[in-house]
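A.B. asks: 3D, please:
(chains A and B)
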Amino acid sequence: MDIGADLFLQMIKGIYPGDLDESTEKYREWFHKGVFAMDSEIQSKMMQRIIENGNLYLKFLNTVLEATQATYAGEGSDENLNEIHAHMSDHLLELYQECVGKYLTAPQFGIPREALQQINSAISANHKFMGAVGDFLIMFSTPFKRSMDILQQAIKDRERAGEGFKSAKEVYNFAVKIFDKEYDDWLKSSAGVQSVVNMVDNYLEYRKKLNPVKDIWLKSLSIPTKREMEDVYRGIYDLKKKTRKQDAMIREQNDIIKALNRRLKTIERLLK
Amino acid sequence: MNYREIIESIEKDLQQFPQKVLRAQEVLTDNPDCQVATTPADVVYTEDKMKLLHYRSRGDKKNIHPTPVLIVYALINRYIMLDLEPGRSFIQNLLNEGLDVYLIDWGYPTGADRYLGLDDYINYYMDTALEWIRSETKTKQINLMGVCMGGTFSVIYAALHREKVKNLITLATPTEFDIDDAGLFLWAKEIDVDKAVEGLGNLPGDIANILYLLVTPVATVNKYIQFLEGVENPKFVSTFLRMEKWIFDSPDMAGEVFREWIRDLLQQNLLIKNQLILDGQKVDLRKIKCPLLNVFGKNDYLAPPSTAKPLSKAVSSKDITTIGVDTGHVGIFVGSRSYKTISPKIAKWIRER
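C.D. replies: Next comes the predicted model:
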């Protein structure tokens, strides 16, 4: 409850224009008694602030909707989507600072601006990836429709020719062959290849954008980041490779020494 | 059956579908036998994640062929497919034919293996394994047998270290990558591999698996429907689960080797053009002069004949045998008919040389 009261006090300080450095107990009491104990001036200021924050929230929500619409409707060029997501990022930051940051008077609380942008960038990449998955699934249904048309026609043709099917299993096996061929053709066609590659490419972009976000998180927990670990692995790899080459050289030199010793012994024997 | 009867029959089957699913659930939760790779083998050498396995020979040691066979499996999925189950094991068949079999198990790469490239796998790990066998068995040259991507590795190795290879056997091995009848090859050509390695580090086995399954979406779905149909047959269930175990046991692929595999082989097709360079050495397939046995599946959708066959023309060997088997990618090893015929053929081919 006291934490709530402190937070409440901070909020009041943020809203109330005058000097409120009086006894905090008064405000704690207000909080415990409830908002109705406040005088009408503060109530009206708070209401005004809530409306202002609501507007900010709506602004943010609009950009989210705009981004989603552009992604799913396939209207989003890279440039367009980047712009929308930059707006979204700004609105989210503004909303965060107005609603949370200023009352807590703790700038480090929450996410640093740089991290927030990276998170938004990863979210944006994820939206684009989901959009690409959607596009792929739509395209993926085209061979299905074509297969169904071919199957129906084939069944009719066979029936007309008096070569009907003996069982549902035979129909199923017949259908599998048609579907298999249609899907195989589509997946190898330029449209199929582009569809798969687009989905994979968007996934890779998302994973690429996700790495710095993970690194920020790991860094905040004092755990080595992916990049730092990769540097360590690179170092170990280079060292191992160097050691192997040196080992090979030593083995080679040993072989030469052994051969020379053998020759030396032969010469010694001959001299004796 | 007319159109109406077909629909009625399908409806009837669909009504039985939930019962079949429940029955499958019962069978699967009843702990069915699905152990794989049960042929006894000793780990004779290890280096980082790589293990060299030596399969225990059967019968009289005097009858065992003096030249050992080293099997190099792909980095994708695991070698367990070669030893799927008793009575359906390519490796057991080779042992029964009197061959002395070694196999490289690449293990499960982690972040620490991120920078391993083709040069490390071929010129270091493979060479170390081969050297170990040569030194232990006191044989100057050994038989090198590569499977799928492991076959490509073996081809490269044979070109770079020809003095150590007596016979080269390639099974379902891609070497010509500029083809248009394999979905994966076409996709790989368009992928930004640098972005992939930057974003993912090592290639996660799960992602590779999803792409493999996506190449044949209908077969993937059909296989589970077939499982529901055969669920009352314990032998069928065991084999099915063993195959599933193999399919979903997909180690990650080291980032750098993935980059080189896609960029240098799949996208630039450098191997067959004799332009691939490993650690400053040019891989010239024309330098392969040892006998070559090139086996491929005629219906292979992953490494179709168009990618496997050109090797026979690219090498300078005078003794080349090319065999197309009426099966798919894994059918060579586990197909109910081909696995019984192909391993005796391979063993005979080796014994004759």
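
A.B. asks: what sits against B:Ser316?
C.D. replies: Residues near B:Ser316 by CB atoms under 8 Å, 6 or more residues apart in numbering or on different chains: B:Arg286, B:Lys287, B:Ile288, B:Lys289. Quick note: C-beta positions are derived from backbone N, CA and C, even for glycine.

A.B. asks: where does the first one land in three-state SS?
C.D. replies: Classification of B:Arg286 using DSSP: H, G, I helix; E, B strand; the rest coil returns helix.

A.B. asks: same question, the last one
C.D. replies: Three states are possible here, and by three-state DSSP the one that applies to B:Lys289 is coil.

A.B. asks: next up, phi/psi of it, please.
C.D. replies: The phi and psi values for B:Lys289, taken as degrees, to the nearest 10, are phi -120, psi -10.

A.B. asks: picking that back up, just the buried members of the contacts of B:Ser316?
C.D. replies: The neighbour count (16 or more other CB atoms under 10 Å in any protein chain shown) marks B:Ile288 as buried among the contacts of B:Ser316.

A.B. asks: just give me the closest of the contacts of B:Ser316 to B:Asn222.
C.D. replies: B:Ile288 (39.7 Å; CB to CB).

A.B. asks: state the distance from that closest one to B:Gln19.
C.D. replies: B:Ile288 sits 57 Å away from B:Gln19, going by CB to CB, to the nearest Å.

A.B. asks: point out where the chain drops to low pLDDT.
C.D. replies: Picking chain A for this. Along chain A, segments meeting pLDDT under 70 span A:1-40, A:42-43, A:71-77, A:100-112.

A.B. asks: right idea, wrong chain: chain B
C.D. replies: B:1-2.

A.B. asks: let me have the contacts of B:Ser316 in TSV, extended by distance to chain A.
C.D. replies: Formatted as TSV, the contacts of B:Ser316 follow (distance: CB to the nearest CB, whole Å):
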residue	distance to chain A
B:Arg286	27
B:Lys287	21
B:Ile288	24
B:Lys289	25
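
A.B. asks: residues of the stretch 51-200 of chain A that sit close to chain B?
C.D. replies: Within the stretch 51-200 of chain A, the residues that sit near chain B (CB under 8 Å from any CB of the partner chain) are A:140, A:155-156, A:159, A:164-169, A:171-172, A:176, A:179-180, A:183-184, A:187-188, A:192-194, A:196-197, A:200.

A.B. asks: which of the residues you listed are buried, as a PyMOL select command?
C.D. replies: To isolate the buried ones among those in PyMOL, judged by 16+ other CB under 10 Å, type:
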select buried, chain A and resi 140+155+164+165+168+171+172+176+179+180+183+184+187+188+192+193+194+196+197+200
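
A.B. asks: from the residues of the stretch 51-200 of chain A next to chain B, which ones fall inside helices?
C.D. replies: Using DSSP state H, the members of these that fall within helices are A:140, A:155-156, A:159, A:168-169, A:171-172, A:176, A:179-180, A:183-184, A:187-188, A:192-194, A:196-197, A:200.

A.B. asks: need the residues of the stretch 201-350 of chain B near chain A, please.
C.D. replies: B:Gly201, B:Leu211, B:Leu214, B:Val215, B:Thr216, B:Pro217, B:Val218, B:Ala219, B:Asn222, B:Tyr301.
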